[in-house]
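Trainee: Quick one: sequence and predicted model below, then my questions.
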Protein chains: 2
Amino acid sequence: MSAVRVHNFSISIDGFATGEGQAADAPFGHAGERLHEWMFATRSWQGEGGSIGADNAFAERHGPGIGAEIMGAGKFGPPNWQDDPDYRGAWGPNPPFHAPVFVLTHRPRPSIEMEGGTTFHFLDASPAEALDRAREAAAGQDVRLGGGPTVVRDFVNADLVDHLHVVQVPLLLGRGVRLWDGLEALEEKYDIEAVSTPSRVTHLTFTRRR
Amino acid sequence: MSAVRVHNFSISIDGFATGEGQAADAPFGHAGERLHEWMFATRSWQGEGGSIGADNAFAERHGPGIGAEIMGAGKFGPPNWQDDPDYRGAWGPNPPFHAPVFVLTHRPRPSIEMEGGTTFHFLDASPAEALDRAREAAAGQDVRLGGGPTVVRDFVNADLVDHLHVVQVPLLLGRGVRLWDGLEALEEKYDIEAVSTPSRVTHLTFTRRR
């Protein structure tokens, strides 16, 4: 069975995956890009000249073996993007997914085919239903769960996530959307590893027990 | 000036320093002793036979150079210990502090001299006032802030903590008292380091910038 994977999901020390005040020019609200600087520094992100240490090794796992992505409405665009019938996502004409992407929204619209192999599909569906659709599209490859925090939490609660990679960044956001709410005793379902790297982030990996 | 230090302050991945349901036989509520197992395994705690790695190196910093401790009422005893005029703390006749201990409570009582050099003093005071008293008693040595989470937060918010050592344990408590609430942008005041150890905990150290 193809696995469901979350990669490079970055949070503050106090557990926020996004700040307050999300908008078109601030997709992570008052967090800005600070949760993802560790990733921008890697070769995986910037190519030659980027770091090739542990941060990069984790970051590179994002792509290989993935046949489809599922994301929440809050990742696809700023609040109320559904009001704009021509909105085509936050990534320009050639989005970095190069695969079918299933966007969870209570206001679905027709699919949009973009350049580079990305097609956006819009679903008003439960996590299990969305996963069925994504798995079918992934044709035997894994499904990446792209976030945001509410979607990750919903899928973990529905017991659908096999591999969860969280990156804890040394800052305190104080407000926004938390990843960890309501996930008591997750350690009973997952083997948890932690490794801190010289960039001062800590990679937490949750591997579901078989 | 003597420093204010917090040591071995253990939290879950979701940031809880104590669970729900604190009682005389469950000082950390439903967390039980799980937040502190990393410490029990060290030589610092169990003597010969205990581990002497990084966990122990951190754990050993708890004692040296400390002249007094400040703690919250919730650490001194179970809820409503104030109703028992004979209550003498959760540690038996010879508590492990061996120094003056200042207990913050809205219902103070006369000081209690215990065996082994520990004297409990009871203060209804602000963090700054309590620290003045503790510093005087510490006679030039450092003051340890013993917790719980509310007290640590209050002192950090009052800008009184110089060194904060937090140990993140790989479990999710889901409920209880969080350490991190309302501490946005702490990284602007502190240098933060993280190091994960083979016991799977991550030590976070916050060193106040001068």
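Mentor: Good, I have the coordinates. Numbers count the residues shown, from 1 in each chain, chains lettered A, B, ... in the order given.
Trainee: Am I right that A:Leu131 falls within a strand?
Mentor: No - per DSSP: H, G, I helix; E, B strand; the rest coil, A:Leu131 lies outside any strand segment and is helix.
Trainee: who touches it in this structure?
Mentor: With contact set as C-beta atoms under 8 Å, 6 or more residues apart in numbering or on different chains, A:Leu131 has these partners: A:Val4, A:Ile70, A:Val143, A:Phe155, A:Leu160. Heads up, the C-betas are built off the backbone N, CA and C, glycines and all.
Trainee: Mind giving me the PyMOL select for these, buried ones only?
Mentor: PyMOL command restricting the contacts of A:Leu131 to the buried ones, with burial defined by 16 or more other C-beta atoms under 10 Å in any protein chain shown:
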select buried, chain A and resi 4+70+143+155+160
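Trainee: which of the contacts of A:Leu131 come close to chain B?
Mentor: Contacts with chain B within those, as defined by C-beta under 8 Å from any C-beta of the partner chain: none are present.
Trainee: Can you list which of the contacts of A:Leu131 are found in strands?
Mentor: With strands defined by DSSP state E, the entries of those inside them are A:Val4, A:Ile70, A:Val143.
Trainee: B:Glu136: which of the residues you listed is nearest?
Mentor: Distance to B:Glu136, by C-beta to C-beta, is smallest for A:Val4 among these, at 58.4 Å.
Trainee: Now for that closest one: which residues touch it?
Mentor: If a contact means C-beta under 8 Å, 6+ apart, then A:Val4 has A:Leu131, A:Asp142, A:Val143, A:Arg144, A:Leu145, A:Phe155, A:Leu160, A:Val161, A:Asp162, A:His163 as its contacts.
Trainee: and A:Gly116, that one's in a helix?
Mentor: Yes - applying three-state DSSP, one finds A:Gly116 inside a helix.
Trainee: That one: neighbour count?
Mentor: One way to gauge burial is a neighbour count; for A:Gly116, by other C-beta atoms under 10 Å in any protein chain shown, it gives 12.
Trainee: Please name the nearest non-neighbouring residue to it.
Mentor: Closest residue to A:Gly116 apart from its sequence neighbours, by C-beta to C-beta, 6 or more residues apart in numbering or on different chains: A:Asn94 at 4.3 Å.
Trainee: Can you pull the phi/psi pair for the one you found?
Mentor: In terms of degrees, to the nearest 10, the main-chain angles of A:Asn94 are phi -120, psi 80.
Trainee: who's in contact with it?
Mentor: Listed by C-beta under 8 Å, 6+ apart, the contact partners of A:Asn94 are A:Met114, A:Glu115, A:Gly116, A:Thr118.
Trainee: switch to 7 Å and redo it
Mentor: A:Met114, A:Glu115, A:Gly116 (C-beta atoms under 7 Å, 6 or more residues apart in numbering or on different chains).
Trainee: Let's see the distance spanning stretch A:86-98 from one end to the other.
Mentor: Taking C-alpha to C-alpha, to the nearest Å, the first and last residues of stretch A:86-98 lie 20 Å apart.
Trainee: buried set for that stretch?
Mentor: Within stretch A:86-98, the residues that count as buried by 16+ other C-beta under 10 Å are A:Tyr87, A:Gly89, A:Trp91, A:Pro95, A:Phe97.
Trainee: what's the first-to-last distance across stretch A:56-72?
Mentor: Between the opening and closing residues of stretch A:56-72 lies a distance of 25 Å (C-alpha to C-alpha).
Trainee: before we move on, what about stretch A:105-123?
Mentor: Stretch A:105-123 stretches 6 Å from its first residue to its last (C-alpha to C-alpha).
Trainee: Show me what that stretch is in contact with.
Mentor: Contacts made with stretch A:105-123 from outside it, assessed by C-beta under 7 Å, 6+ apart, are listed as A:73, A:82, A:88-89, A:93-95, A:97-104, A:124, A:130, A:133.
Trainee: please redo it, this time with the cut-off set to 6 Å
Mentor: With contact meaning C-beta atoms under 6 Å, 6 or more residues apart in numbering or on different chains, stretch A:105-123 is reached by A:73, A:82, A:88, A:93-95, A:97-98, A:100-104, A:124, A:130.
Trainee: Centre of the chain to it, how far?
Mentor: Relative to the mean C-alpha coordinate of its chain, stretch A:105-123 is positioned 17 Å out (C-alpha atoms, centre = their mean, to the nearest Å).
Trainee: could you give the mean pLDDT of that stretch?
Mentor: Stretch A:105-123 carries an average pLDDT of 97.
Trainee: Closest to the centroid, which residue in chain A?
Mentor: In chain A, the C-alpha closest to the average C-alpha coordinate belongs to A:Gly146, at a distance of 2.6 Å (C-alpha atoms, centre = their mean).
Trainee: Distance check, it against A:His165.
Mentor: 12 Å (C-beta to C-beta, to the nearest Å).
Trainee: Over to A:Gly148?
Mentor: If you go by C-beta to C-beta, the gap between A:Gly148 and A:His165 works out to 15 Å.
Trainee: A:Gly50 - how many residues pack around it?
Mentor: 17.
Trainee: Report the outermost residue of chain A with respect to its centre.
Mentor: The centre of chain A is farthest from one residue, A:Gly49, which by C-alpha atoms, centre = their mean lies 25.1 Å away.
Trainee: tell me the phi and psi of that one?
Mentor: The phi and psi values for A:Gly49, taken as degrees, to the nearest 10, are phi 100, psi -20.
Trainee: quick one: the strands in chain A?
Mentor: Residue ranges of the strands in chain A, as given by DSSP E, are A:4-12, A:16-18, A:66-72, A:100-104, A:112-113, A:119-123, A:142-145, A:163-169, A:177-178, A:190-196, A:202-208.
Trainee: could I get those strands as JSON lines with distance to A:Ala41?
Mentor: Formatted as JSON lines, the entries for the strands of chain A read as follows, by distance: least, C-beta to C-beta, whole Å:
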{"stretch": "strand A:4-12", "distance to A:Ala41": "13"}
{"stretch": "strand A:16-18", "distance to A:Ala41": "20"}
{"stretch": "strand A:66-72", "distance to A:Ala41": "23"}
{"stretch": "strand A:100-104", "distance to A:Ala41": "26"}
{"stretch": "strand A:112-113", "distance to A:Ala41": "32"}
{"stretch": "strand A:119-123", "distance to A:Ala41": "29"}
{"stretch": "strand A:142-145", "distance to A:Ala41": "22"}
{"stretch": "strand A:163-169", "distance to A:Ala41": "12"}
{"stretch": "strand A:177-178", "distance to A:Ala41": "25"}
{"stretch": "strand A:190-196", "distance to A:Ala41": "15"}
{"stretch": "strand A:202-208", "distance to A:Ala41": "14"}
